[in-house]
Structure formats: C-alpha cells, structure tokens
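[1] need the 3D shape of this:
(one chain, ligands or ions: 1)
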Amino acid sequence: MNEKVLIVEDEYIVANDLRLILQKAGYQVCGIAASVPEALDIIAQHHPGLVLLDIYLKGKLTGIDLAQQLREQHIAFVYLSANSNQEVLEAAKATQPYGFLVKPFREKDVLVTLDVARYRHEHSLESTLHRETRLQEALSRMMAEESGYEEKLLKMAMALQSHVPFDYLAAGPLGFLRIGFDEYQVIGNRELSVISGQREAALETLQAAAPPDHTVAWYNREDFQRLCARHPFRQLLARTFGLESHLVMPLLLANGEVTAFSFYSRRPDAYQAAHQALLGRLQPLLQAAVAPAVKQSTGPAVLPGVPANENFTGIIGSSHRLLHVLDHVAQVAPFDTSVLILGESGTGKEKIAQSIHRLSPRSHKPLVKVNCAALPSNLIESELFGYEKGAFTGAADKRIGKFEQAHEGTIFLDEIGEMPLELQVKLLRVLQEKEIERIGGRSPVKINVRIIAATNRHLEKEVAEGRFRLDLYYRLNVFPVLLPPLRERPEDIRPLALSFAEQCCSRVKKRFPGISAQMMSELEAWHWPGNIRELENVIEQSVILNNGVSPLELKRPLGNGLFAPPQPAPLEQAPVKTFTDVKKLLQDTERAYILSVLKKTNGRIRGESGAAQLLNLNPTTLESRIARLGIRKEEIK
Ligand SMILES: Nc1ncnc2c1ncn2[C@@H]1O[C@H](COP(=O)(O)OP(=O)(O)OP(=O)(O)O)[C@@H](O)[C@H]1O
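    Numbers count the residues shown, from 1 in each chain. Below is the predicted model:
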C-alpha cells in the first residue's frame, strides 16, 4: 500500500486535526474531501493507498456509498464516525472496512488503526496473489498427470473449492456433489435420477432443452430464483440439492462446441466479481481440462469418494455451514495471520483452533492454550508473561509464561472477551512489538507466536459498551471464523451422535447397539442450547444407563426436563420446506437406495455382483457411507 492518505470528512476542524496527526507520523495527505464526488476526483488524480472516511458527508451520497467503489478499486478504507451505535456499526461493517475510528479520537488510536489497516491490506493482497499462483501451478500439474478424465476433473474441482466455493459443480458432462470436507460424489444422470425421483429420459430431455451459456455470469438470491424459473434443469438441480446461488463460466472448445464450468452453492450469496475475474484468468486451463470428454463423451461415471482430509480428523459433520468454516480454516492456516474464532459455547471453537495449528507450518511446535475466563484477573498476567525470581512475594523461582512456552508455535487465547481491560493493553503491545516483559523483568523478551483467539461474546457490542478495546479488536479480528450453532446445522446431529456413542461405548467397554429411531428423532428435533458439548453429554448419559443390548434410548428428557422436545412429524408426512428438510430427504433417499441394494445382495458388499459393484462404488467408500447413514445389519434381512 502506498503512504498516500485521503481524508473524506465534512467537518473541517476534525479533518485538519487528522491531517496534522498523519503528517507528523510521516503519511502524505493527498487531499481533504467533504463529499463523495470531491473524493472521487481526488482519488482519480492522486491514487491514495488509504482513505479515512466519514459516514455522513455533504450531499446525498454517504461514506457507505463511496466504500463500495473503494473496494472495487482495492483501496483500503477506515471509517470515521461520531456514532458508535450498533446499527451504524453493522451497516458500515457490511462494506468490510479495514477499521473504525470513533470520534473524538486520540492520536495513538488513529496511528494504530492505520497501522492495522495497512497490515491487513498488504497481507490480503499478498496472500491472494500467492494463493492464485499456487492454484495455477497445481492445476497445470494436474493437467499434466497421467490420470483418467473424471479423476483429473475431480482433482481440479477440489483445488478450485477454496477459491470459488461450491456445493455442486457441473464440469462439462460431469457433476460433483460435495458430501464432506474433501469428499465428493460424482453425479451422472443415473444418480440424479435416483436422488431427484425423475426418470433418466426426462432428465435428458430437460438437459437437451437448456440453451448453451455464452456469457460468464453469476446469480445470487432472487437472481438465481429468476434464472431457475427460466431453466427447468437448473431448477431441478436447485431443488434436489438445496442450491441458492450460481456462477457459470462458458468454455468454447476448439471444435466450436460450448460447454461450461457451472458452480452452485447452498449459500444465497456465494458469488461475486472476484470469482468471475479469477475464472477468467484460469479459462485456458479449464478449457483444456474439459475438452477431451466432449470429443469422446465418456458419459457419467461414479468415482470413489476421496478420503476425508486427515488434518480435520476428529471434526465430524458435513453440513455445508461446517464445510464453509473448514474452507476458511484451510485458507488461513498456512499463514501467520491472527484468527478470531467466534461462536456459542460448545460449538467446537477449540477443535477449530487445533486444526489451524495442525495445518500450519508451526504444527511441530507447541500449541499452548490459555483460558482467560478460568484465571482470576490478578493471575492472568503472570500466567501469560511469566515472572522473574523475587518479582513479588512468593515468587521463589523464575517462571516462564504461556507466550514464551508457545515460542515459534501458536497460542490459543480462549474466552478472550473475558480479559480485563488493563491486560488488553499489554496484549496489544505484544501483538505490535512481538515481545513480552516478564513481571519484575528488566528487558523485554522477543517472541514469535501466532495468535488464535476465541470468544462466545459479541465482541463488537463489548467494544461499543467500552469493555473491549477497539484497537485490540481490530488487531485480533484480521481473519474472523464464525462457527454456527448446532441448531443451524441439524444435518450434523446424526453423524455426531453416532460417533460419540461409538466412542463412548468403546471407552466404557460396552457393545455399541445403535441408537433407537425414537431417540435419534428427538435428538434431531432438539435445539441444543449447549451445542455439541451438550450432545456429547446426552449420549454419554444414555450409554451409561443402557443395558448394552438394546439400542440406546433417551433415559432422561433433553434439557434436564426443563424443555420438552418438540414432537417430530412422522417422516412420510414431513413437509419439505427448508433446506434442512431437503437435506434430510436426500439422506433418507440415499439410505433407502443403498439399503434396497444391500437387501438384493443379502448384505454382501464386496466381490462380483456385490453391493459396491452394483452401486459402482469403491467397497471402502460404500462401507463408510453405510456407517455414516447408520444402516444396521438387522435392517438388511
Ligand atoms: N465437529 C466436531 N466433531 C466432533 N466433536 C466435536 C466437534 N465440535 C466440537 N466437538 C466436541 O464438542 C466438545 C466442545 O467443543 P469445544 O470445546 O471445541 O467447544 P468450544 O466452542 O471451544 O466451547 P467453549 O466456548 O465452551 O470453550 C468437545 O468435546 C469437542 O471435542
């Protein structure tokens, strides 16, 4: 980022104050604008690297309107505001600023915020370029590999996932449905016919009727719904897989045919101009990748699922909301960026912190955890920074603090929202200076630590109410990861429950007799105020109270009897309204399909005419799918 700063502020005294502060610190102030048109003129002339932006300006347009254009031009901006109320913070935050300065500001706050903004801007540009180069190299390598057409496309799809997210990708004649972090099912017309309940011939007619795409475009929310209303095949895909947004990249082949990479997401607003621009740069590679199949038209095929990424071992669930979080984790893990994990208690924040560490180049160094809520405030400082012998009464020996223990590794500051204000200042200094001072120490100690912090508090509210420092918030919030509560990803309840039950049975040396259908539907209908930790406890209770023979039952009402679980509707009558209903229906359909094939083969999975061969699946994949869907031997008879 260059050092030129533009101040967009209609109160002259405030603007002039800022100019003096910035010039004293070595910045070059390239102009002061009181309205959006004035600001645009100065930007066109001087190309500032950073804009300080008041929200309310002269004229009709506000700072929030200008922010949109600044983003498109990759110019960093920091809001100036006299109003720190929640509503304004939310509206302005949606434009993804690099910081906020709340009037009246102190010189020190201005400089720290600018410093953070520069760091974040440089880091994000640098890492975007770096990641794109790595993607180009990976795709070229895959193209050169001696592998089959489908395998090549699947690998390319997986490499694209963290750059252009998707839950379903139609690449030329093949569809890839994401079913785990690194697990995809190839969907040809046969599979689509089973899952959607449409005859194959009907699907072919719909596909043939769809006009080829000639322009690259993306469709979020209502735009996607309008597109689906015009394209019955897309509508069918959207309904079948619960898709809510779409990006299409047409590819013109040497023989004049047009094919496409069509990305679909379950999130309503997954796509934006940056995705389109990236795909534009990758177009020659993607064109070459789909070309052979169009010539030879190998037709749909089923590939074995790729085994789940072992760095996420222990993280159960494949809801698109969890997978979206894991994508972010995989993106940020290799860098030293600070990460702030936000989420209710028991949602798995610590597990995510462990994955970030495991996936980082620091993985062979320590991951040190500090629970800021568990320590009395007078002990946190010595716990974090250590002390010298004789620093206070009782300090008989020198003690190394957590930061020093984590040197070259990662420190996980859990419940950061509980940290007392006076310690927040010290933490900020550690982040800026990268050194700590032991209590009673004479000279600072250099440390190299990556910071991951977590909280279940609404930190912006804490900032607005004066309990959390704004400057520390911006230092920590470089890369926020938001973990959704369990009630917003109910698809994960079943696999989590089965996995906890199995682990618990083996811990207490009991046979795992499965979970009764009644208990499972109660679990799936519960709203889980205590999230995954509560689910773990419920399962443990029922394993302990179980006789080891009959399937697990709920022996106590959920919520310790405080809340009566809502009665789930019987499956046949369950209305399909929400995406969760669609997912559930899909899972039930897949389960019924696999079960019917298993019945045909009398439970035989492997070998000639075994279920795996009939389903065109790798036997190991089928076995893991049987486990995931909770199909029991007794049901096959
Ligand atoms: N996706 C997951 N798969 C398997 N187990 C999980 C998953 N997420 C969380 N858990 C388990 O749930 C429990 C709670 O998780 P964790 O301690 O990471 O939550 P947390 O959000 O850090 O909670 P708190 O805010 O209370 O510290 C742990 O036993 C953890 O192993």
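[2] which stretches in the stretch 351-500 of the chain count as strands?
    With strands called from DSSP state E, counting those that start in this stretch, the stretch 351-500 of the chain shows them at 367-371, 386-387, 399-400, 410-414, 435-436, 445-446, 450-455, 479-482.
[3] okay if I get the ones you listed as a markdown table plus distance to residue 273 and mean neighbour count?
    For every residue, glycine as well, the C-beta is placed using N, CA and C. Shown next, in a markdown table, are those (distance: least, CB to CB, whole Å; neighbours: other CB atoms under 10 Å):
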| stretch | distance to residue 273 | mean neighbour count |
| --- | --- | --- |
| strand 367-371 | 37 | 19 |
| strand 386-387 | 49 | 22 |
| strand 399-400 | 49 | 15 |
| strand 410-414 | 34 | 24 |
| strand 435-436 | 41 | 18 |
| strand 445-446 | 42 | 12 |
| strand 450-455 | 31 | 25 |
| strand 479-482 | 21 | 17 |
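[4] need the ones you listed in a markdown table (columns: distance to the ligand and mean pLDDT).
    Listed next are these as a markdown table, based on distance: least, CB to the nearest ligand atom, whole Å; pLDDT from 0 to 100:
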| stretch | distance to the ligand | mean pLDDT |
| --- | --- | --- |
| strand 367-371 | 8 | 93 |
| strand 386-387 | 24 | 87 |
| strand 399-400 | 25 | 86 |
| strand 410-414 | 6 | 95 |
| strand 435-436 | 24 | 88 |
| strand 445-446 | 29 | 90 |
| strand 450-455 | 6 | 95 |
| strand 479-482 | 11 | 87 |
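[5] can you lay out the ones you listed as CSV showing distance to residue 14?
    Formatted as CSV, the strands of the stretch 351-500 of the chain follow (distance: least, CB to CB, whole Å):
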stretch, distance to residue 14
strand 367-371, 39
strand 386-387, 43
strand 399-400, 46
strand 410-414, 35
strand 435-436, 35
strand 445-446, 38
strand 450-455, 32
strand 479-482, 29
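[6] what's the local residue count around whatever residue of the stretch 351-500 of the chain ends up closest to the ligand?
    Relative to the ligand, the nearest point of the stretch 351-500 of the chain is residue 351 (4.1 Å; CB to the nearest ligand atom). Here the number of neighbours of residue 351 (other CB atoms under 10 Å) works out to 15.
[7] same check on residue 90?
    10.
[8] for stretch 250-257, give the mean pLDDT please.
    Mean pLDDT, stretch 250-257: 77.
[9] where does the stretch 51-200 of the chain have low pLDDT?
    82-86, 88, 123, 125-127 (pLDDT under 70).
[10] quick one: the strands in it, in order.
    Under DSSP E, counting those that start in this stretch, the stretch 51-200 of the chain gives strands at 76-81, 99-102, 168-171, 174-180, 183-187.
[11] CA atoms of the last one as CSV?
    Just to be clear, that refers to strand 183-187. Output in CSV follows, covering the C-alpha atoms of strand 183-187 (Å, rounded to 0.1, in the frame of the first residue of the first chain):
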residue,chain,number,x,y,z
GLU,A,183,-15.3,-35.8,-0.3
TYR,A,184,-17.3,-35.6,-3.5
GLN,A,185,-19.8,-37.8,-5.2
VAL,A,186,-19.8,-37.9,-9.0
ILE,A,187,-23.3,-37.3,-10.2
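[12] so what strands line up beside that strand?
    strand 174-180 (antiparallel) (DSSP bridges).
[13] run through who's touching the strand it pairs with.
    150, 153-154, 157, 161, 166-169, 184-188, 192, 237, 241, 293, 300-301, 305, 308, 318, 320, 323 (CB atoms under 8 Å, 6 or more residues apart in numbering).
[14] out of those residues, which sit inside helices?
    150, 153-154, 157, 161, 192, 237, 241, 293, 320, 323 (DSSP state H).
[15] got those as TSV, with neighbour count and distance to the ligand columns?
    Shown next, in TSV, are the ones in helices among the contacts of strand 174-180 (neighbours: other CB atoms under 10 Å; distance: CB to the nearest ligand atom, whole Å):
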residue	neighbour count	distance to the ligand
150	20	30
153	26	29
154	23	25
157	22	24
161	21	19
192	22	29
237	24	28
241	24	22
293	19	36
320	22	14
323	22	11
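[16] which of those residues lies closest to residue 31?
    Nearest to residue 31 among the ones in helices among the contacts of strand 174-180 is residue 161, at 42.4 Å by CB to CB.
[17] how many residues are close by the residue lying closest to that closest one once chain neighbours are set aside?
    Using CB to CB, 6 or more residues apart in numbering and skipping the chain neighbours, the partner closest in space to residue 161 is residue 327 (6.6 Å). Applying other CB under 10 Å, we find 15 residues neighbouring residue 327.
[18] next: residue 211.
    8.
[19] what's the helix or strand for residue 506?
    helix 493-507 (DSSP states H and E).
[20] can you check what angle separates that helix from strand 174-180?
    50 degrees (axes from the mean of the first three to the mean of the last three CA atoms, to 10 degrees).
[21] can you tell me what sits against helix 493-507?
    Taking CB under 8 Å, 6+ apart as the rule, helix 493-507 contacts 316-318, 486, 511-512, 515, 520, 523-524, 528, 532, 535-536, 539-540, 542-543, 552, 587, 627-628, 630.
[22] report the distance from stretch 111-127 to the chain centre.
    22 Å (CA atoms, centre = their mean, to the nearest Å).
[23] ok, of the ones in helices among the contacts of strand 174-180, which one's closest to residue 65?
    Out of the ones in helices among the contacts of strand 174-180, the member with the shortest distance to residue 65 (by CB to CB) is residue 320, at 32.5 Å.
[24] that closest one is in contact with residue 264, isn't it?
    No - assessed by CB atoms under 8 Å, residue 320 is found out of contact with residue 264, at 11.1 Å.
[25] any residues in contact with both of those two?
    Contacts common to residue 320 and residue 264, judged by CB under 8 Å, 6+ apart, are residue 167.
[26] residue contacts, residue 140?
    residue 285.
[27] now it: how far from residue 156?
    10 Å (CB to CB, to the nearest Å).
[28] pLDDT weak spots in the stretch 501-637 of the chain?
    Using pLDDT under 70, the stretch 501-637 of the chain drops low at 560-586, 589, 616.
[29] how about the residues of it by the ligand?
    Taking CB under 6 Å from any ligand atom, the part of the stretch 501-637 of the chain that reaches the ligand is made up of 532-533, 536.
[30] which one of the residues you listed has the most neighbours?
    residue 532 leads these on contacts (other CB under 10 Å) with 23 neighbours.
[31] that one contacts residue 347, correct?
    Yes - if you go by CB under 8 Å, residue 532 and residue 347 touch, sitting 6.4 Å apart.
[32] which residues do those two both contact?
    Counting by CB under 8 Å, 6+ apart, the residues touching both residue 532 and residue 347 are residue 486.
[33] which residue does the stretch 201-350 of the chain have closest to the ligand?
    Closest point on the stretch 201-350 of the chain to the ligand, by CB to the nearest ligand atom, is residue 348, at 2.6 Å.
[34] quick one: pLDDT of that residue?
    So residue 348 comes in at 94 (pLDDT).
[35] burial of it, as a residue count?
    Neighbours of residue 348 using other CB under 10 Å come to 25.
[36] residues in contact with it?
    Residue 348 touches 315, 483, 531-532, counting by CB under 8 Å, 6+ apart.
[37] in helices only, show me these.
    531-532.
[38] state the pair within the contacts of residue 348 that is farthest apart.
    315 and 531 (13.9 Å).
[39] isn't residue 631 right up against residue 592?
    No - using CB under 8 Å, residue 631 is not in contact with residue 592, being 9.9 Å away.
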